[in-house]
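[1] quick one, structure for this:
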Amino acid sequence: SCLQALMAVRAFSREPADGTRARKPLQHDLQAFAAEQRLHDAWAWVGLLEDQIEKAKYRAKKTRRKMQYGNDPVGRSKREEQRKYWEEQAQR
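    The predicted model follows:
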């Protein structure tokens with residue numbers, strides 16, 4: 001009950017996905033790069049690549065989380081075991 005109340009508050013505090021994390025086509029990035037005069041140095045490309053790496057890390061982390069407890073009988077049972085474990089931990 002207390003855990004459910006905390007989880008409800010946590011769920012409402014998140015903003016829904018608005019599509020800003022969606023991957024844009026490379027052509028879009030190239031056009032934006034060409035349009036900005038201040039980005040016409042070598043370090044601008046480094047920043048662009050670093051940004052792409054960070055986004056790839058985020059997507060990989062999300063995929064690993066989803067694959068850990070897949071949508072098959074084994075994954076569902078493991079997910080349920082974890083849920084019970086954390087409920088027990090919260091009651092202690």
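[2] need the longest helix for this structure.
    helix 42-68 (DSSP state H).
[3] any regions of the protein where pLDDT drops low?
    The chain contains residues with pLDDT under 70 at 1-17, 37-40.
[4] can we see that at 50?
    9, 11-12 (pLDDT under 50).
[5] got the CA coordinates for the next helix or strand after the longest helix of the chain in PDB?
    Using DSSP states H and E, the helix or strand that directly follows helix 42-68 along the chain is helix 73-91. C-alpha atoms of helix 73-91 as PDB (Å, rounded to 0.1, in the frame of the first residue of the first chain):
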ATOM      1  CA  PRO A  73       6.800 -17.300 -19.700                       C
ATOM      2  CA  VAL A  74      10.300 -17.300 -18.200                       C
ATOM      3  CA  GLY A  75      10.700 -13.500 -18.400                       C
ATOM      4  CA  ARG A  76       7.300 -12.900 -16.900                       C
ATOM      5  CA  SER A  77       8.000 -15.300 -14.000                       C
ATOM      6  CA  LYS A  78      11.400 -13.600 -13.300                       C
ATOM      7  CA  ARG A  79       9.700 -10.200 -13.400                       C
ATOM      8  CA  GLU A  80       7.100 -11.400 -10.900                       C
ATOM      9  CA  GLU A  81       9.900 -12.800  -8.600                       C
ATOM     10  CA  GLN A  82      11.600  -9.400  -8.700                       C
ATOM     11  CA  ARG A  83       8.400  -7.600  -7.900                       C
ATOM     12  CA  LYS A  84       7.800  -9.800  -4.900                       C
ATOM     13  CA  TYR A  85      11.300  -9.400  -3.700                       C
ATOM     14  CA  TRP A  86      11.100  -5.600  -3.800                       C
ATOM     15  CA  GLU A  87       7.800  -5.600  -2.100                       C
ATOM     16  CA  GLU A  88       9.300  -7.800   0.700                       C
ATOM     17  CA  GLN A  89      12.300  -5.400   0.900                       C
ATOM     18  CA  ALA A  90       9.900  -2.400   1.200                       C
ATOM     19  CA  GLN A  91       8.000  -4.000   4.100                       C
END
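[6] tell me which other helices or strands helix 73-91 touches.
    Judged by 3 or more Cβ pairs under 8 Å, 6 or more residues apart in numbering; DSSP states H and E, the packing partners of helix 73-91 are helix 2-13. In short, each C-beta sits where N, CA and C put it, glycine included.
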